[in-house]
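**Student:** everything below, folded, please.
(chains A and B)
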Amino acid sequence: MPPDATDSPIFARNVPGMTRALQAAVVGIAGCGGLGSNVAVALTRAGIGRLILVDHDRVDISNLNRQHYFQSDVGRLKVDALADHLRAIHPAVQIEGHAMRLTPDDVPSILAPAEVLIEAFDRAQEKQWLIETWSGVFPKRPIICASGLGGLGNTASLRIRSSGAIHFCGDGTTDMSQGLCAARVGVVANMQANLAIELLVRDGATTDAHDQ
Amino acid sequence: MLTINNRDRIDWREGMTVRDVLDAMGYTYALITVTVNRTLVPREEYETHAVPDEADVSVFHLAHGG
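**Tutor:** Numbers count the residues shown, from 1 in each chain, chains lettered A, B, ... in the order given. Reported below is the predicted structural model:
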């Protein structure tokens, strides 16, 4: 039984009711780059109980312009480095790291406990199969995706569009060929985290994740 | 009549598929996610999935970057 963190002074300034709801929640994060690493930090600071992190990659020096890693992480598996950083924020956060390239076949097993999935992949083809696979296997559970976070500025173009349990954060058009800026990627990552928190706190466990 | 992305309206006709809607809207993006009445339609079904009259269709463009 994990320790009860709802009384932790870390979360003394949280919104009332938020810590208890988040402590019971499980969120999956597919990809631990510019989006996923920053979403994980935001959710950990908010008091999330358990995170399932999936990423096959290692930290590269060029990641440091936007991803939540440090010089000393270069060469480490992202899931390992990120787990250390998250535990440095909140030691009781439960981290399940999978250093692997996720495939559609893995989704029903590895991500089964997740009530909400954060889509944080780089490539659009991977976003597409992840959305289709998740929606096919867990049609009632939210998936919070990102599309359109490249370039500079134009903050007002960043928005959330939703259809059923599928949500998209970003401007929907810009891509990484325009370059990636920490501030803009961070805005989109925090839009994803903010929506996940809202769904988990406002709606509670409305998904089927707890029924299995 | 169909509503596209909560904004555009196009005429509906009998037997209209997701592909017909995409063509009618002039969408050329290769990588998209489509929902019909808030339910995802897999890309393998774009040519066969019949869109009912009065449906809400959402098309999300998937841009690289994460």
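**Student:** packing partners for whichever strand or helix holds residue A:189?
**Tutor:** Per DSSP states H and E: residue A:189 is located in helix A:182-202. If you count contacts as 3 or more CB pairs under 8 Å, 6 or more residues apart in numbering or on different chains; DSSP states H and E, helix A:182-202 packs onto helix A:18-23, helix A:34-46, strand A:116-119, strand A:143-146, strand A:166-170. In short, each C-beta sits where N, CA and C put it, glycine included.
**Student:** can you give me the pLDDT of residue A:3?
**Tutor:** Looking at residue A:3, its pLDDT is 56.
**Student:** and for residue B:10?
**Tutor:** pLDDT for residue B:10: 96.
**Student:** residue contacts, it?
**Tutor:** By CB atoms under 8 Å, 6 or more residues apart in numbering or on different chains, residue B:10 lies in contact with B:1, B:2, B:4, B:21, B:24, B:25.
**Student:** please apply the same query to residue A:177.
**Tutor:** Going by CB under 8 Å, 6+ apart, residue A:177 touches A:150, B:64.
**Student:** again with residue A:125
**Tutor:** residue B:31.
**Student:** state the distance from residue A:117 to residue A:52.
**Tutor:** Distance, residue A:117 to residue A:52, by CB to CB, to the nearest Å: 9 Å.
**Student:** now the common contact residues for the two.
**Tutor:** Joint contacts of residue A:117 and residue A:52 (CB under 8 Å, 6+ apart) are A:27, A:28, A:29, A:111.
**Student:** need phi/psi at residue B:35.
**Tutor:** The phi/psi pair for residue B:35 (degrees, to the nearest 10) reads phi -120, psi 150.
**Student:** what sits against it?
**Tutor:** So residue B:35 contacts A:163, A:164, A:166, B:41, B:57, B:58 (CB under 8 Å, 6+ apart).
**Student:** how about TSV for these, with neighbour count added?
**Tutor:** Converted to TSV, those look like this (neighbours: other CB atoms under 10 Å in any protein chain shown):
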residue	neighbour count
A:163	22
A:164	18
A:166	23
B:41	20
B:57	22
B:58	22
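**Student:** wait, what's in contact with whichever residue of chain A sits closest to chain B?
**Tutor:** With CB to the nearest CB as the measure, residue A:164 is the residue of chain A nearest to chain B, at 3.3 Å. Neighbouring residues of residue A:164 by CB under 8 Å, 6+ apart: B:35, B:38, B:39, B:40.
**Student:** hmm, 10 Å instead?
**Tutor:** A:135, A:139-140, A:142-143, B:35-40, B:56, B:58 (CB atoms under 10 Å, 6 or more residues apart in numbering or on different chains).
**Student:** need the shared contacts of residue A:117 and residue A:52 in TSV (columns: distance to residue A:121, neighbour count and secondary structure).
**Tutor:** Converted to TSV, the shared contacts of residue A:117 and residue A:52 look like this (distance: CB to CB, whole Å; neighbours: other CB atoms under 10 Å in any protein chain shown; DSSP: H, G, I helix; E, B strand; the rest coil):
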residue	distance to residue A:121	neighbour count	secondary structure
A:27	16	27	strand
A:28	12	28	strand
A:29	10	29	strand
A:111	13	25	coil
